[in-house]
Structures are given as C-alpha cells and as structure tokens.
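Trainee: Sequence and predicted model, in that order:
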Number of protein chains: 2
Amino acid sequence: MAKEKRDNGTEKAILDAARKVFTHRGFAGARMDEIAREAGINRALLHYYFRSKDKLFDLVFAQRAREFFLGLAGIIGGPGSLEDKIKAIVEHDIDMIRSQPDLPIFIMQELTQNPDRLVRMAVESGANPSMMMKAFRHAVKEAVDKKVVRPIDAGQLLINVMSLCVYPFIAKPMIKAVQELDDKQFEKMILKRKQEIVEFVMSSLKP
Amino acid sequence: MAKEKRDNGTEKAILDAARKVFTHRGFAGARMDEIAREAGINRALLHYYFRSKDKLFDLVFAQRAREFFLGLAGIIGGPGSLEDKIKAIVEHDIDMIRSQPDLPIFIMQELTQNPDRLVRMAVESGANPSMMMKAFRHAVKEAVDKKVVRPIDAGQLLINVMSLCVYPFIAKPMIKAVQELDDKQFEKMILKRKQEIVEFVMSSLKP
DNA sequence: ACGTGATTTAACCATTTAGTTAAACTAATA
DNA sequence: TATTAGTTTAACTAAATGGTTAAATCACGT
C-alpha cells in the first residue's frame, strides 16, 4: 500500500475510496473521514488533493454516471438487430451491476435529489439521446416490418429491458427476504437471470 | 392549520411531515428542522412529541414499509388465478407508487444500508414470505398445468413483474432525459404502461 | 548529505445539527 | 377566573463534521 501511494497512486486511491464510500452511503451519508480512512490516508491530505466534499463528489458522480451510461448508449444507439441489442443490453447491464451492486441506487437517488445534474452532464459529454433512441426505434421498426416481432412501442420496450436487468439489484434485500435466499442463492439466481430475461423478452415479442 | 393542531392533529402533522421529508431525503439527508417546518411547528415541540430522529425514523420507515408490502403480500399470497394476480399486482404497484413516487428508492436505499431492519420488521409483523411464495408458485404451477402459460420459474416471474412496475419510477429522471419527455408526457407514459406491462407479461407467458 | 515534494500529526476554526431547557404565552375548560 | 395541556421563544449544550494550518516527518533522487 505504501508503494502505491509513493508511486503517485494516491490520487487514484482517493478517487477509488470516494467512489466506494459515496456510492455506498450517498452524498449526505458519506463522511470525508471514512473516505480518507478507506484510501489509507488522512483528512488533511484528502483536502490537499481535492478541495471539498462537493468537488470530490462531482468527480465521482460524473465518473460513475459515465460508467453506467456510456457502454449502454453505445449498444442502444449502435448497429445490430433488435435481438442483438437486447442480448447485448442484458449482458452489459448485468455484468456491470454485478461488479458494482449499489451503483444503480446511488445514481437514481442522487439524480432524484438533483435532476439538473444529469442534464448538465449530458450536455457536457455530448451525448445525444435523440439519436440513440432513433437508432433503437429503427431497430424495433425493422424487426416489426420483418414480422420477427409483434408491434410494440420502442420506448416502453427499452424501459422493460432495463427494468428487468436493474431492478433485481436495487431490490436485493427484499428479494432475499421474500424468496428466502442467502447471498449464494441470490448470486445464482442473478446468473440464471441473464438467459431468463432474454427468453422472457423475446418470448413476449413473438408476433 | 391552527385548528387542526389544536384538534390533536399535531402528532399526525408531524408524522406526515416526517414521512415526506425522510422519504424524499433519506435518513442521512433529512433535517429535523425541515420536518418541523413542514409540520408547521418548531423543533422543540417536535422533540416533545418524538424523542429523537432515530425513533421518528423507525416509526416512519415501519409505516412506509408496511404500505409498500402489505397490500402486495395480500395479492401475491391470496387466491385467484395467475393472470388475476399479475393484473392485480400491476394495478396495485403502479397506483401506489404513482401517489408516492419516491417511496421505492427510499425503501431500497435504507434497506441496503440496513438489511436487518427488514428481517426484524417481517418477524414483528408476522408476515410469512414462505406461505406467500407458496401461494404464488401454486398459481404458476396451476396455470402451467392447464397449459395456459409456458413453464417458467415462479421466483423469476415475480421479480419480472415487480421490476416492470417499480423501476420506471426509480429511473424517472433518466427516462425523462433519454426519451426526452417532460413531466406530462412521463405521466402519460406511466398510464399507458399499466396495460403495456400486463400485455408484455401475458404475451411472454403464452405457451 | 541535501533538498524536495508527499505525507502525517495535531491542533484548530466555523458551521451544522440533534437535542434540551426554562420561561412565557394561548386557548379551552372546569 | 384559575387550571391545564399544548405551543412558542430563545437560549443553550454537545457532538459531528467540513475544512484549514503549521510544523514535523518521511522517502527519494541528485
């Protein structure tokens, strides 16, 4: 650990720690102290690198939001058939969230608290929702025209797919309780779920 | 407002305010001051009625969790065919959340922060997840046996239905941004969504 | 061995926040 | 009118927290 720090890894160590703590506790619940401890340094140095909690949070949030969106945007807006896209979304979402289970709640919570942030970020990053949705709508239309899938609203379909992927992680404690699963069984359920979702969606889309 | 207070409505006013503030801000982000203001009283009186933030929060959380679960548990565990249940779940979920949009994030956030709480509450309330799930599995099995629906894992199906209902509210700011909707259009989308979900699920379940 | 930048230590400040208290006030009621 | 419960005011305490600072220490390359 000492080595990493000396090797100029401190900034990264802090960002990692901040990401972890902010993501887990949310902005209001996060303590600069905990971030410092988690990074293996002290508060003084923490403020030496990043002036304030707000500044640090903004960096973390922007980074996390990009993580969450950028890959997705590429898939949704990119080329490929509807079925390809659906499979890719599911694969991407589940893998991403599995490695960072409390990412979605974090994003959603802070976003409801301050929706403008998303707009600002979107503008900066040059993301283009309307092109993305256009590509997705096009894929849907194509599949419908080919009679591969029944007619369906593209917006609703996209929400459906995302819902099926993301929600289980958000509701994890609830699901564990209701279905009486331990962590191992939950993990197993999630893994099965990848195919389950694709099957569920494609089955629903049959004309 | 003055009247209500004198009419012994103060306690209720406080609980309403606390519900609102806690639900919106989360425990860490909530301020006793804001609760008092929201209730139209002052901090002194707030503490006079409810000793501490924690105590008040526990009450609110228990109440909100009951709101969220009890109705659902009745539907899932109660009588009726699978299709009836699915329709009832969708109806119930969407209506409930529509009137309290940030209820789900609140529950999930605080629950990930402290999963034991759910277990404790479940025990106290005498809820019985295993019976509930048993009833639901039974409904699924029955439908499968009658060849009304294709074979499917009951646990996954339940998660699917809940996902489709709850997630859109959690992701509201994101959905608004990506699909470029204003509040009015979002509301419209949610309303359409009731039938959309039922159609989506039932279509997927066709044998 | 020296100098430099990174890091720690430890003290400190200012602000926010939960929670308390005593005294004054209000309105209904006995 | 005197009592009483509910309420406000205003002051206060104690703790937590974000942020700062100066001096000491450490590790490294020259």
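Mentor: Alright, I've got the coordinates. Residues are numbered from 1 along each chain as shown, chains lettered A, B, ... in the order given.
Trainee: Can you tell me the SS state at the residue positioned nearest the centre of chain A?
Mentor: To find the centre residue of chain A, average its C-alpha atoms and take the closest one (Cα atoms, centre = their mean): that gives residue A:68, at 3.5 Å. The three-state label for residue A:68, taken from DSSP: H, G, I helix; E, B strand; the rest coil, comes out as helix.
Trainee: ok, now how distant is it from residue B:26?
Mentor: From residue A:68 across to residue B:26, the span is 20 Å (Cβ to Cβ, to the nearest Å). From N, CA and C alone the C-beta is placed, and that goes for glycine too.
Trainee: could you point out where chain A is predicted with low confidence?
Mentor: Residue ranges of chain A with pLDDT under 70: A:1-7.
Trainee: so residue A:40 touches residue A:16, yeah?
Mentor: No - taking contacts as Cβ atoms under 8 Å, residue A:40 lies outside contact range of residue A:16: 10.3 Å.
Trainee: Whichever strand or helix holds residue A:74 close to DNA strand D?
Mentor: Mapping residue A:74 onto the secondary structure by DSSP states H and E places it in helix A:53-77. Yes - looking at helix A:53-77 against DNA strand D by Cβ under 7 Å from any atom of the strand, the contacts come from A:53, A:54.
Trainee: Going by neighbour count, which residues of that helix are buried?
Mentor: Applying a neighbour-count criterion of 16 or more other Cβ atoms under 10 Å in any protein chain shown, one finds A:53, A:56-61, A:64-65, A:68-69, A:71-73, A:75-77 buried in helix A:53-77.
Trainee: Figure out how far it is from the centre of its chain.
Mentor: Remark: helix A:53-77 is offset 8 Å from the chain centroid, using Cα atoms, centre = their mean, to the nearest Å.
Trainee: what does chain A put close to DNA strand D?
Mentor: Among all residues of chain A, those adjacent to DNA strand D (criterion: Cβ under 7 Å from any atom of the strand) are A:2-3, A:6, A:30-33, A:43-44, A:47-48, A:51-54.
Trainee: again, only this time at 10 Å
Mentor: Residues of chain A lying close to DNA strand D by Cβ under 10 Å from any atom of the strand are A:2-3, A:5-7, A:21, A:25, A:27-36, A:42-48, A:50-57.
Trainee: Show the overlap between the residues you listed and what lies near chain B.
Mentor: The overlap between the residues of chain A next to DNA strand D and the neighbourhood of chain B (criterion: Cβ under 8 Å from any Cβ of the partner chain) consists of A:25, A:27, A:28, A:29.
Trainee: how's chain A carved up into domains?
Mentor: The record's domain split for chain A, according to automatic domain parsing, is A:1-51, A:61-205.
Trainee: Figure out which of the ones you listed is closest to DNA strand C.
Mentor: Smallest distance to DNA strand C across those (Cβ to the nearest atom of the strand): 3.6 Å, for domain A:1-51.
Trainee: Any idea how far that closest one is from the middle of the chain?
Mentor: Taking Cα atoms, centre = their mean, one finds domain A:1-51 lying 22 Å from the centre of the chain it belongs to.
Trainee: same check, this time on stretch A:192-200
Mentor: Between the centre of stretch A:192-200 and the centre of its host chain there is 19 Å, according to Cα atoms, centre = their mean.
Trainee: That stretch vs chain B: in contact?
Mentor: Yes - interface with chain B: stretch A:192-200 contributes A:192, A:193, A:196, A:197, A:200 (Cβ under 8 Å from any Cβ).
Trainee: Was I right to think the residue nearest to the centre of chain A contacts residue A:100?
Mentor: No - when contacts are counted by Cβ under 8 Å, residue A:68 is not listed as touching residue A:100 (9.0 Å).
Trainee: returning to that earlier point: now the residues of stretch A:192-200 next to chain B in JSON lines, please, with extra columns for secondary structure.
Mentor: As requested, the residues of stretch A:192-200 next to chain B are arranged in JSON lines below (three-state DSSP):
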{"residue": "A:192", "secondary structure": "helix"}
{"residue": "A:193", "secondary structure": "helix"}
{"residue": "A:196", "secondary structure": "helix"}
{"residue": "A:197", "secondary structure": "helix"}
{"residue": "A:200", "secondary structure": "helix"}
